[in-house]
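> A predicted structure for the sequence below; I have some questions about it.
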Amino acid sequence: MSKKILVLTGGARHGGNSQLMADAFVEGAEKAGHEVVRYDAGFKNIKGCVFCETCYTLSEDKACTHDDVFNELAPYYEWADSLVIVTPLYWYTYTAQIKAALDKYYALMVAKRPQPIKEVYLITCGAGKDDFKYDAIINTHELIARDRNWKNAGCYHVKGVFHKGDIGEKHLEELKKIGEAF
């Protein structure tokens, strides 16, 4: 069964490890026949939610009254039935750009917009080698899935990577397989 997958990336380093991981997942998912839209939030200046609750009040295509950048992402939230978050680990959790993009999902809730996402998957990498350094992002991922009633489709973590290319072919091949099986 073909899925509509939104791949939301948080890495801001062109050719960085998380970007390579996203590339590999997308390649596998497209090979399996899924429709994939990739949104590179790490390269965008998405502002944080200010909880004004004026979402979509200016027009049907203006999700946020304070952030035109989010308006290009919002339609993908309404389109996708699966969300894959790919991010480097920053201070034990998502990058600020991913956090802002996820916070702005609230606009769909306030405006009672379509929310077809049914499952979420997390792909991370980081320089830290200790398991505990990934606890916060794993817990946040699990809480988001539970709160939104999304299936937690799992997580894939690569520890001990810092420099571009540290990710290695073994992990990229595994992510292609995960994309194909998704």
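Looks like it arrived, so ask away.
> would you mind pulling the contact partners of the lowest-mean-pLDDT helix or strand in the chain?
Sorted by mean pLDDT, DSSP states H and E, the helices and strands of the chain end with helix 106-110, the least confident at a mean of 93. Applying Cβ atoms under 8 Å, 6 or more residues apart in numbering, the contact partners of helix 106-110 are 49, 51, 53, 55-56, 63-64, 70, 74, 77-78, 113-115. Using the backbone N, CA and C atoms, a C-beta is placed for each residue, glycine as well.
> now do stretch 131-140
By Cβ under 8 Å, 6+ apart, stretch 131-140 touches 87, 89, 92-94, 122, 124, 126, 128, 155, 157, 159.
> nearest to E35 among these?
L122 (20.3 Å; Cβ to Cβ).
> quick one: that closest one from D131, how far?
Relative to D131, L122 is positioned 15 Å away (Cβ to Cβ, to the nearest Å).
> what's the answer for A22, then?
Between A22 and D131 the computed distance is 23 Å (Cβ to Cβ).
> what's the answer for H34, then?
H34 is 31 Å from D131, by Cβ to Cβ.
> so those two - more neighbours on which side?
Neighbour count, other Cβ atoms under 10 Å: between H34 and D131, H34 has more, with 19 against 10.
> not counting its neighbours along the chain, what's nearest that one?
Once flanking residues are discounted, H34 sits nearest to K3: 4.7 Å by Cβ to Cβ, 6 or more residues apart in numbering.
> go on, D23?
L172 (7.8 Å).
> next one: G11
S18 (3.6 Å).
> now the helix or strand harbouring that neighbour - C-alpha only, CSV.
Per DSSP states H and E: S18 is located in helix 17-31. Extracted in CSV, the C-alpha atoms of helix 17-31 (Å, rounded to 0.1, in the frame of the first residue of the first chain):
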residue,chain,number,x,y,z
ASN,A,17,25.1,13.1,8.3
SER,A,18,21.4,13.6,8.9
GLN,A,19,20.9,14.9,5.3
LEU,A,20,22.6,11.7,4.0
MET,A,21,20.3,9.7,6.3
ALA,A,22,17.3,11.4,4.9
ASP,A,23,18.5,10.9,1.3
ALA,A,24,18.9,7.1,2.0
PHE,A,25,15.4,6.8,3.6
VAL,A,26,13.8,8.7,0.8
GLU,A,27,15.5,6.6,-1.9
GLY,A,28,14.2,3.4,-0.3
ALA,A,29,10.7,4.8,0.2
GLU,A,30,10.4,6.0,-3.4
LYS,A,31,11.8,2.7,-4.6
